[in-house]
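# turn this into a model:
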Amino acid sequence: MRTKNSISFLQGTTSALLFLAVILAALGSWSAPSAYAQSSPLDSLSGAMVKLEAANFAGNSIVRVTITNPNTQPLRILKWMIPTDGTEAPLFTVTRNGKTVAYIGRLVKRVASTEADYILLAGGERIVRDVDLSAYYDLSAPGNYEVEYNASSPDLYAGANTAQIANARLGSNRLTLSIKTGVNHNVQKIIPFVVTGTNGFFGCSPDQQGALITARNSASTYAANAVAYFAADKQGARYVTWFGVYDAGRYTTASNHFTAVQNAVDTASPMNFDCTCADPGVYAYVYPDSPYDIYLCGAFWGAPNTGTDSKAGTLIHEITHFNIVAGTDDFVYGQTGAKALAISNPANAVMNADNHEYFAENNPPLEVTNTTFSDVPETYWAWDYIERLYDAGITGGCASNPLRYCPEASVTRAQMAIFILRGIHGSTYTPPAATGTIFSDVPASHWAAAWIERLAAEGITGGCGGTSYCPEANITRAQMAFFLLRSIYGSAYTPPPASGAIFTDVPSSYWAAAWIEQLAADGITGGCGGGNYCPDANVTRAQMAVFLVNTFNLP
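Residues are numbered from 1 along each chain as shown. Just a heads-up that it's a prediction; the model follows:
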């Protein structure tokens, strides 16, 4: 009885299990363990394998890199993560006596990767390349160096058949190289053929030179805005979006980076620009131990001057790479990747060049300070310059209740006298009382007489002709160049002769050509757009703000 009941229970259980198996098989949730059942090839798909060997036949700083696809299925690998055509990223970790050796090769800002940026490695296929580490790492000191291949990117693999590879990294064995005599690698420097003031150019057309001057001016604005953000100890959405959850140490690091960036943008002399790279997939690149040489490529020239992935932002990006500035890396590219990095690894975000660029560009805007003037919204092109002019106490606007600035109004010669003297002497400066004897059209009773007479006393102006000053006449952009340079260099200053090659509408024969070209060389102006300066156009109050902020380095 007992045995019968047991057998009956077993039979019932077996029937139930078989029935369940049929149901699950029909739903695709279970497969019977038959000899014909096969597992998916994706179940065991692995990332590429990397092996390092010393290529002794070629030199003691050369390593042989073998990258193998261990799968039967193909792999599609991001081409700049493997040294197929040289190395354009720090793909290796190199140490000497336990200390990391500096990477001295190219650091590249790229456009977003596309299908064309991947190399197909068939199942079992391998790539073998010899890499001279001395071209990319500082091997100048003799000793034993330990080398590992250590390249990673969230976009390392592409395609449906690589979706299950969790580790987006290429790692290798550790290799020891004995270098008895240090190996020096000299990076080819830019040799500027036009070096005037703070900018040097190699292979750059006049239009490209003008665009770079404008971009550098805009980068200065970006950097100053970033420095002001940290100076105000803000820790809101803008910081968190690009650098992650607040941490005092990382916050200080980011703040110090932007202070160094601002100093480089504003004072590096010269900052050298090479325009000979035509790669449409690259914005720019630098060598981190070669400040301040920046190589501009095809994607740079199609970028806007400001905004996301802009020319000005690209300069910020590249400048952070220099070891004497911030020594950043390229862990990820693009806004999506940079935002994700700030969440997953804020320590890397604080050392990622694109995170610095996007923080500086602040587009779309996060935590923008409320505007001071009712007629200068935050979206106005010169908003930041006008705010800085106001904060410096040089202007109180053109009207009150509500407070307005009148950005499109022209600047008169009388107003210009006040602007410039406050820029030179500070917001609290008051000139001596007027005599009324300097200019025949400026009596002592004129509202700006004291300022105009002081401008003449400092040798910045001699009037508009004869004994007149023409206080109510509008000042032109050509005249402005003259006034600004005299305020910087003094009354005896004469600029170098003009080349006529900077602005298309300012030939060398133009009366103020030398002054205008020097103003551009000093980074004070990038012109009025399209390679032009518009010398005979009136200066607007918005333009005046830009001129003054750049001339007197107003914070």
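
# got the phi/psi numbers for residue 345?
Here is the backbone geometry of residue 345 (degrees, to the nearest 10): phi -150, psi 80.

# just checking, residue 451 is part of a helix?
Yes. Applying DSSP: H, G, I helix; E, B strand; the rest coil, one finds residue 451 inside a helix.

# skip the chain neighbours and tell me the closest residue to it.
residue 417 (4.2 Å; Cβ to Cβ, 6 or more residues apart in numbering). To be clear about C-beta, it is placed using only N, CA and C from the backbone, and glycine gets the same treatment.

# confirm that neighbour sits in a strand?
No. Assessed with three-state DSSP, residue 417 is helix; it does not lie in a strand.

# can you pull out the helices in the stretch 301-450 of the chain?
For the stretch 301-450 of the chain, the helices defined by DSSP state H, counting those that start in this stretch occupy 311-321, 335-344, 346-349, 353-361, 383-391, 413-425, 449-457.

# check the stretch 101-250 of the chain too.
Under DSSP H, counting those that start in this stretch, the stretch 101-250 of the chain gives helices at 206-231, 237-243, 248-267.

# can I get these in JSON lines with distance to residue 350 and mean neighbour count?
Listed next are the helices of the stretch 101-250 of the chain as JSON lines, based on distance: least, Cβ to Cβ, whole Å; neighbours: other Cβ atoms under 10 Å:
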{"stretch": "helix 206-231", "distance to residue 350": "12", "mean neighbour count": "21"}
{"stretch": "helix 237-243", "distance to residue 350": "5", "mean neighbour count": "20"}
{"stretch": "helix 248-267", "distance to residue 350": "5", "mean neighbour count": "18"}
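
# these: which one's closest to residue 121?
helix 237-243 (34.4 Å; Cβ to Cβ).

# any idea of the mean pLDDT in the closest one?
Mean pLDDT, helix 237-243: 93.

# now do it: everything it contacts.
For helix 237-243, the surrounding residues in contact (Cβ atoms under 8 Å, 6 or more residues apart in numbering) are 229, 246, 250-251, 254, 338-339, 342, 346, 349-350, 355-356, 358-359, 362, 366-367.

# buried ones among these?
229, 250-251, 254, 338-339, 342, 346, 349-350, 355-356, 358-359, 362 (16 or more other Cβ atoms under 10 Å).

# quick one: the residue nearest to residue 451 and residue 448 touch, right?
Yes. Between residue 417 and residue 448 there is a contact under Cβ atoms under 8 Å: 5.9 Å.

# so between those two, which is more surrounded?
More crowded of residue 417 and residue 448, by other Cβ atoms under 10 Å: residue 417, with 27 against 21.

# save the helices of the stretch 101-250 of the chain as a markdown table, and put in distance to residue 285 too.
Formatted as a markdown table, the helices of the stretch 101-250 of the chain follow (distance: least, Cβ to Cβ, whole Å):
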| stretch | distance to residue 285 |
| --- | --- |
| helix 206-231 | 15 |
| helix 237-243 | 22 |
| helix 248-267 | 17 |
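
# to residue 74, which of those helices lies closest?
Closest of the helices of the stretch 101-250 of the chain to residue 74 is helix 237-243, at 36.3 Å (criterion: Cβ to Cβ).

# touching, residue 199 and residue 213? I think so.
Yes. Residue 199 lies in contact with residue 213 (Cβ under 8 Å); the separation is 6.4 Å.

# which neighbours do these two share?
By Cβ under 8 Å, 6+ apart, the residues touching both residue 199 and residue 213 are residue 523.

# any weak-confidence spans in this protein?
Residues of the chain that meet the criterion pLDDT under 70 lie in 1-44, 56-59, 85, 160-161, 163-164, 166, 181-198, 367-370.

# tell me which residue is most central in it.
Using Cα atoms, centre = their mean, the residue of the chain that lies closest to the mean C-alpha position is residue 317, 2.2 Å off.

# burial count for residue 328?
Applying other Cβ under 10 Å, we find 25 residues neighbouring residue 328.

# where's it relative to residue 357, distance?
10 Å (Cβ to Cβ, to the nearest Å).

# can you pull the residues that touch both of these two?
With Cβ under 8 Å, 6+ apart as the test, residue 328 and residue 357 both reach residue 320.

# mind naming the longest strand for the protein?
strand 143-152 (DSSP state E).

# which helices and strands does that strand pack with?
strand 49-54, strand 92-96, strand 169-171, strand 175-179 (3 or more Cβ pairs under 8 Å, 6 or more residues apart in numbering; DSSP states H and E).

# let me have those strands in CSV, adding distance to residue 137 and mean neighbour count as columns.
Converted to CSV, those look like this (distance: least, Cβ to Cβ, whole Å; neighbours: other Cβ under 10 Å):
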stretch, distance to residue 137, mean neighbour count
strand 49-54, 14, 17
strand 92-96, 5, 19
strand 169-171, 17, 18
strand 175-179, 11, 15
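
# in TSV, list those along with distance to residue 274.
As requested, these are exported to TSV (distance: least, Cβ to Cβ, whole Å):
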stretch	distance to residue 274
strand 49-54	33
strand 92-96	26
strand 169-171	30
strand 175-179	31
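
# residue 459: which of those is closest?
strand 92-96 (58.2 Å).

# so which elements touch the helix or strand that that closest one is followed by?
Using DSSP states H and E, the helix or strand that directly follows strand 92-96 along the chain is strand 99-100. The helices and strands touching strand 99-100, judged by 3+ Cβ pairs under 8 Å, 6+ apart, number zero.

# quick one on the thing from earlier: can you tell which of the helices of the stretch 301-450 of the chain is closest to residue 518?
Nearest of the helices of the stretch 301-450 of the chain (Cβ to Cβ): helix 413-425, 16.7 Å.
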